[in-house]
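1. Please work out how this folds:
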Amino acid sequence: MDEQYAALCRRSLAEEQARSLSATDGWAHVDKDRVHKDWHDLYSEMASHLAGARPEDDHIQLFIERHFEIACRFYVPTRNAYIGMAILYSEDSAMKEFHNSYHPEMVDFLGNAMYAYAQKRL
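-> Okay, here's the model as predicted:
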């Protein structure tokens, strides 16, 4: 992905999140404890399936479909915003540390899988 497209995706994520936060009183409608549990369960399960897998593999894309569905509890991101989310995971040190706590290569793998999902499904 070239830097110009990456910048567009970062902006899309920031703009869509800001609109959603404003329209929903800071995502008051979201059961955040449930979301965190569901992401924890997803990442734990996904981590045990990364060995020998490719981001575009069908079984990996099923994990990403679940990831997208969880993200949609906040708002439905566009293709570019979803890719922006993957970029955020890799560029924000706290997000990177959190995701890589499940598997040392989770952020890179997850980012590539989210990109593949977005290109094919969004």
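2. Against Asp108, how distant is Asn80?
-> 20 Å (CB to CB, to the nearest Å). (Each C-beta comes from the backbone N, C-alpha and C, glycine too.)
3. Quick one: low-confidence residue ranges for this protein.
-> The model of the chain has no residue with pLDDT under 70.
4. Longest helix in it, please.
-> In the chain, with assignment by DSSP state H, the single longest helix is helix 3-23.
5. Show me what it packs onto, helices and strands only.
-> With contacts taken as 3 or more CB pairs under 8 Å, 6 or more residues apart in numbering; DSSP states H and E, helix 3-23 sits against helix 79-91.
6. How about the helix it packs on, which residues are buried there?
-> 79-89 (16 or more other CB atoms under 10 Å).
7. Check stretch 6-16 too.
-> Neighbour-count burial for stretch 6-16 flags 6, 8-10, 12-13, 16 (criterion: 16+ other CB under 10 Å).
8. so who does Asn112 touch?
-> Under the criterion of CB atoms under 8 Å, 6 or more residues apart in numbering, the neighbours of Asn112 are Pro55.
9. Compute the distance between it and Met106, please.
-> According to CB to CB, Asn112 and Met106 sit 11 Å apart.
10. quick revisit: ok, the buried residues of stretch 6-16 vs Phe74, which is closest?
-> Comparing the buried residues of stretch 6-16 against Phe74 with CB to CB places Glu16 closest, at 9.6 Å.
11. give the contact list for that closest one.
-> By CB under 8 Å, 6+ apart, Glu16 lies in contact with 75, 77-78, 81.
12. repeat that for 10 Å
-> The neighbours of Glu16, taking CB atoms under 10 Å, 6 or more residues apart in numbering as the test, are 74-78, 80-82, 84-85.
13. now those residues in CSV, with distance to Thr24?
-> Output for these, formatted as CSV (distance: CB to CB, whole Å):
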residue, distance to Thr24
Phe74, 8
Tyr75, 8
Val76, 12
Pro77, 14
Thr78, 17
Asn80, 20
Ala81, 15
Tyr82, 18
Gly84, 19
Met85, 17
